[in-house]
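Asks: Task: produce atomic coordinates for the following.
(one chain, ligands or ions: 1)
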Amino acid sequence: MSKPLLIALLAVAAAGGAYLVLAPAPGQHQNLEVLPQVGEALGQGMRQLGKGIGVECEHCHVKDEWASDAKPQKGLTRAFFRAVLAEPDAAKRKVAIDAWVAAIGAELQDEGLVWGAFAHWKAPSSR
Ligand code: HEC
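Replies: Prediction:
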């Protein structure tokens, strides 16, 4: 294969790969940085999460703009997800949940509901 042709093919492959990463397939969520694509289960977990800390969706989301990152509560919640997803130690998880709830101006109602939300967000491959 000629060198220019090879380079052209690699460029097309790279562009195609970038497109796959940037453009979610139909029905997928647009702006997930931490949680996997789990379809409708995402919203089910969100409802449970909100209930566990006594807030509505709009505490973290701009109304009808789920993918928007405009509310700081959403970013703080992402940081919480990152901190606890790979944290098996119960005491550390408790510290993280208390700090997160305080940071976003909520109050813990039911800790079990919050941890239960993560069960909805398991990647299909790890179910
Ligand atoms: C305590 C904060 C919080 C609450 C309350 C909350 N969410 Fe979320 N939501 C998030 C975060 C953080 C993400 C992004 C997760 C990521 O980056 O992986 C997200 C992502 C989403 C997305 C994906 C949007 C996209 O296309 O990227 C949807 C849809 C969604 N939430 C719906 C809801 C619904 C419906 C409710 C209420 C029942 C709700 N959320 C309540 C924090 C919250």
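Asks: contacting residues around the residue most central in space within the chain?
Replies: Central residue of the chain (CA atoms, centre = their mean): residue 35, 3.3 Å from the mean position. Shown in contact with residue 35 (CB atoms under 8 Å, 6 or more residues apart in numbering): 42, 81, 121. Backbone N, C-alpha and C define where each C-beta goes, glycine included.
Asks: Return the member of the residues you listed nearest to residue 58.
Replies: Ranked by distance to residue 58 (CB to CB), the contacts of residue 35 are led by residue 42 at 16.7 Å.
Asks: where in the protein is pLDDT low?
Replies: Scanning the chain with the threshold set as pLDDT under 70 gives 1-3, 5-23, 125-127.
Asks: and if we set it to 50?
Replies: The chain contains residues with pLDDT under 50 at 20, 127.
Asks: what about the helices in it?
Replies: 3-22, 41-52, 72-85, 90-103, 111-120 (DSSP state H).
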